[in-house]
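Trainee: what shape does this take:
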Amino acid sequence: MRRVVVTGIGCISPIGIGTKESWENAKNGTCGIGEITSFDTSESRIKIAGEVKGFDPEAIMDKMEARRTARFTQFALFAAKEAIKEAGLDMDKVGPYRCGVNVSSGIGGLPTIEREHSRGLKSGFDRVSPLFVPSSITNMAAGMVAIELGFKGSCTCVVTACASATDSIGAAFRYIRDGYAEVMACGGAESCISPLGIGGFSSMRALSDSSDPKRASIPFDKERSGFVMGEGAGILILEEYEHAVKRGARIFAEVVGYGATCDANHITAPLEDGSGAAACMTMAMKDANITPDNIGYINAHGTGTPLNDAGETKAVKLAFGEHARKLVMSSTKSMTGHLLGASGAVESIMAIKALEDGFIPPTIGYQVPDEACDLDICPNEGRALEIEYAMSNSLGFGGHNATLIFKKA
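Mentor: Numbers count the residues shown, from 1 in each chain. Have a look, this model is predicted:
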């Protein structure tokens, strides 16, 4: 089978506009969570989120286009532009039909749907924006990334809730490995910090209702009570190894394994014994042709919900056996919040940078140990550590589990 490498990365998150800023703040344990500014929270139980701060869409598109484009798509375009610049790909020398896109979103343009529904109630539904449908549909980030990059191969959008971006990267990895493309732009984008987005998760008691940004997103802490909503995007340029080498591309890491399973258990709750997620991790290691002791770091799904963190801890123990006590695991959601359908892409970038820099980003805000989450989660401060393989986990509503494994370049 053909080898697949990462030759470009782009990221926008609550802790940085661009990969460099996001990674430096992750290394330093910077908290990107604060009071919600995108809407009036006076009638909301939830007051804080991980918003992207200081983003100006007019830096990447004109004013009219920015007005016509949903925020999640703007994020995807920003990250894609950064990723393709890093990749240094000359489209005049690459067949556009051998370049594809797989960019996910869990929810898509929810704020656009809310806004246009309110307009329809007020003025009649024939008066909603003619751009309502094309700007809000979940696959539009993928479509606009393809337009921006000039990629004319397969263009698709995986939607598997919080596992969406990880599945998108995994599908793109297989697409290249199996010979259908030389280059794929993949990842995810999300922006649904809105009254309905926050309200929906709040009503099901999935969100932390803490008003303290430093004690809200606290994965693996015994006092955790839910996740914090975040937003952003991550885009990776994947490329067939020989194709990348031939053109002298910089290689950030190699994608070596992907696994996907379903708990087939409950619409929101994971299997408490962690068996579904464990099978997913084992599948990814088998795909990479490595053993558990090869993995040095796991970027955990680590949402900060009681069931997820305990279940993921059990899953790691099942999949790794005795080595579970020797590897390092952290949740960068402690800094960014949960980016839903974009989380797997941003966290894959964090895992790649951990390999590249030999540094593990911390799980911040950790104070109260939990006997049900008793692995090394790199609490509060990052750690220098040379590793050869890193794993990134994503576990989504509907029982979707997805795992990626990256190898140091």
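Trainee: distance check, the closest residue in space to Ile387 that isn't next to it in sequence against Ser330.
Mentor: Leaving aside its sequence neighbours, Ile387 sits nearest to Gly296 (C-beta to C-beta, 6 or more residues apart in numbering; 3.0 Å). Every C-beta, even on glycine, is put in place using the N, C-alpha and C of the backbone. Between Gly296 and Ser330 the distance is 12 Å, computed by C-beta to C-beta, to the nearest Å.
Trainee: out of the two, which sits in the more crowded spot?
Mentor: When neighbours are counted by other C-beta atoms under 10 Å, Gly296 and Ser330 differ, and Ser330 comes out ahead with 30 against 21.
Trainee: wait, the more buried one touches Glu347, no?
Mentor: No. Ser330 is beyond contact range of Glu347, at 10.0 Å (criterion: C-beta atoms under 8 Å).
Trainee: so what sits against both of these two?
Mentor: Any residue near both Ser330 and Glu347 by C-beta atoms under 8 Å, 6 or more residues apart in numbering counts here, and that gives Asn299.
Trainee: skipping adjacent residues, who's closest to the residue nearest the centre of the chain in space?
Mentor: The chain has Ser343 as the residue nearest its centroid, 2.1 Å off, counting by C-alpha atoms, centre = their mean. Spatial nearest neighbour of Ser343, excluding adjacent residues (C-beta to C-beta, 6+ apart): Cys162 at 5.9 Å.
Trainee: in a helix, the one you found, correct?
Mentor: Yes. Applying DSSP: H, G, I helix; E, B strand; the rest coil, one finds Cys162 inside a helix.
Trainee: tell me who's in contact with it.
Mentor: Cys162 sits next to 106, 301, 303, 338, 340-341, 343-344, 394-397, 400 when contact means C-beta under 8 Å, 6+ apart.
Trainee: what of Ser208?
Mentor: By C-beta under 8 Å, 6+ apart, the contact list for Ser208 reads Ala216, Ser217, Ile218, Arg224, Ser225, Gly226, Phe227, Val228, Gly304.
Trainee: the closest residue to it other than its chain neighbours: neighbour count?
Mentor: Leaving aside its chain neighbours, Ser208 sits nearest to Gly226 (4.0 Å; criterion: C-beta to C-beta, 6+ apart). When neighbours are defined as other C-beta under 10 Å, Gly226 has 24 of them.
Trainee: isn't Gly226 up against Ile198?
Mentor: No. The criterion here is C-beta under 8 Å, and Gly226 misses it with Ile198 at 11.8 Å.
Trainee: in the stretch 301-409 of the chain, where is pLDDT below threshold?
Mentor: Nowhere does the stretch 301-409 of the chain drop to pLDDT under 70.
Trainee: which helix in the chain runs the most residues?
Mentor: Ranked by residue count and defined by DSSP state H, the top helix of the chain is helix 71-87.
Trainee: now the angle from the next helix or strand after that one to helix 71-87?
Mentor: Once helix 71-87 ends, the next helix or strand along the chain (criterion: DSSP states H and E) is strand 99-104. Here strand 99-104 runs at an angle of 140 degrees relative to helix 71-87 (axes from the mean of the first three to the mean of the last three C-alpha atoms, to 10 degrees).
Trainee: what's the following helix or strand after strand 99-104?
Mentor: Sequence order places helix 110-123 as the next helix or strand after strand 99-104, per DSSP H and E.
Trainee: for that next one, which positions count as buried?
Mentor: Under the neighbour-count criterion of 16 or more other C-beta atoms under 10 Å, helix 110-123 has Leu110, Pro111, Thr112, Ile113, Glu114, Arg115, Glu116 buried.
Trainee: what residues does it touch?
Mentor: With contact meaning C-beta under 8 Å, 6+ apart, helix 110-123 is reached by 70-71, 127-129, 132, 135-136, 191-192, 194-197.
Trainee: okay if I get these as JSON lines plus secondary structure and neighbour count?
Mentor: Supplementary listing: the contacts of helix 110-123 in JSON lines, determined by DSSP: H, G, I helix; E, B strand; the rest coil; neighbours: other C-beta atoms under 10 Å:
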{"residue": "Ala70", "secondary structure": "coil", "neighbour count": "27"}
{"residue": "Arg71", "secondary structure": "helix", "neighbour count": "25"}
{"residue": "Arg127", "secondary structure": "helix", "neighbour count": "10"}
{"residue": "Val128", "secondary structure": "coil", "neighbour count": "17"}
{"residue": "Ser129", "secondary structure": "coil", "neighbour count": "16"}
{"residue": "Phe132", "secondary structure": "helix", "neighbour count": "18"}
{"residue": "Ser135", "secondary structure": "helix", "neighbour count": "22"}
{"residue": "Ser136", "secondary structure": "helix", "neighbour count": "22"}
{"residue": "Ser191", "secondary structure": "coil", "neighbour count": "33"}
{"residue": "Cys192", "secondary structure": "coil", "neighbour count": "25"}
{"residue": "Ser194", "secondary structure": "coil", "neighbour count": "21"}
{"residue": "Pro195", "secondary structure": "helix", "neighbour count": "17"}
{"residue": "Leu196", "secondary structure": "helix", "neighbour count": "15"}
{"residue": "Gly197", "secondary structure": "helix", "neighbour count": "23"}
